[in-house]
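Colleague: Starting from these lines, generate the structure:
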Amino acid sequence: MVVSHALDQVERIADRVVLLVDGQLDGEWGKEEFFAGKVGERARRFVEGEL
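Modeller: Have a look, this model is predicted:
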């Protein structure tokens, strides 16, 4: 497990991605699914740098 906000590093080394919000699991995706934007609104905004 690696915990990181550096999405370039996450994209390079992860198999799965989870998003935690206030310590609660907000979602879990495969790396390809996550970076293709096949995620919920909050995760999409995080990937786009809005959060």
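Colleague: give me phi/psi at the closest residue in space to R42 that isn't next to it in sequence?
Modeller: Nearest-residue entry for R42: D26, 5.9 Å, with adjacent residues in sequence omitted and distances by Cβ to Cβ, 6 or more residues apart in numbering. (Each C-beta comes from the backbone N, C-alpha and C, glycine too.) Backbone geometry at D26, expressed as degrees, to the nearest 10, gives phi -100, psi -20.
Colleague: residues in contact with D26?
Modeller: With contacts defined as Cβ atoms under 8 Å, 6 or more residues apart in numbering, the neighbours of D26 are 19-20, 40, 42-43.
Colleague: Who wins on neighbours among these?
Modeller: Within these, neighbour counts (other Cβ atoms under 10 Å) peak at A43, which reaches 21 neighbours.
Colleague: and that one, what element?
Modeller: Per DSSP states H and E: A43 is located in helix 41-47.
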